[in-house]
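After the sequence you'll find the predicted model.
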Amino acid sequence: QVQLVESGGGLVQVGGSLRLSCAASGRTLSSYAMGWFRQAPGKEREFVATITWGGGTTYYADSVKGRFTISRDNAKNTVYLQMNSLKPEDTAVYYCAAAYLKGLTAVAGGYDYWGQGTQVTVSS
């Protein structure tokens, strides 16, 4: 089992930045591709970003490309999402997820473990 705990969410103004963290316990993340998803009120969960187990390859949703950066530190068993130039439409609960021995995947069903989420609110 892998337990994932997100942190770093909060309230930020338009154009601001936040850095989300996802700390894992139970197993090392080195064999897991990792992803970030988000869910806004009344909307379905949507893909944000993903990174391979080694961290060498990343993939982003078009809506966040150029503004968000996913990274990982396997020594710390932690994945990050740096979010810059935030917009009101980025407001959502952000979830991290782990996919065992998989490559990049933007599909929520491809992930084996999920965190509880952290709220990000961008005010205008």
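Yep, it's here.

pLDDT score assigned to the residue nearest the centre of the chain?
Nearest to the geometric centre of the chain sits Trp36, at 2.4 Å (Cα atoms, centre = their mean). pLDDT, Trp36: 98.

now the strands: where do they sit in the protein?
Under the criterion DSSP state E, strands of the chain are mapped to 3-7, 10-13, 18-25, 32-39, 46-51, 58-60, 68-73, 78-83, 92-100, 113-114, 118-123.

Please identify the most buried of these.
Highest mean neighbour count of the strands of the chain: strand 32-39, a mean of 25 (counted as mean count of other Cβ atoms under 10 Å). Every C-beta, even on glycine, is put in place using the N, C-alpha and C of the backbone.

who's in contact with that one?
By Cβ atoms under 8 Å, 6 or more residues apart in numbering, the surrounding residues in contact with strand 32-39 are 2, 20, 22, 45-53, 70, 72, 79, 81, 90, 92-106, 108, 111-112, 117, 120.

quick one on the thing from earlier: give me the beta-bridge partners of the residue nearest to the centre of the chain?
Ala49, Cys96 (DSSP bridges).

Can you get me the start-to-end distance on stretch 113-124?
33 Å (Cα to Cα, to the nearest Å).

tally of neighbours for Val107?
Residues within reach of Val107, counting by other Cβ atoms under 10 Å, total 11.

cool, Lys76 as well?
Counted with other Cβ under 10 Å, Lys76 comes out at 12.

Tell me where the model's unsure across this structure.
Applying pLDDT under 70 to the chain flags no residue at all.

and if we set it to 90?
Residues of the chain that meet the criterion pLDDT under 90 lie in 1, 25-31, 53-56, 74-75, 100-105, 124.

From Ser124, how far out is the residue nearest to the centre of the chain?
23 Å (Cβ to Cβ, to the nearest Å).

Val85: what's its closest spatial neighbour, skipping adjacent residues?
You called it Val, but residue 85 is Ser. Counting by Cβ to Cβ, 6 or more residues apart in numbering, Ser85 lies nearest to Arg67, which is 4.7 Å off, once chain neighbours are set aside.
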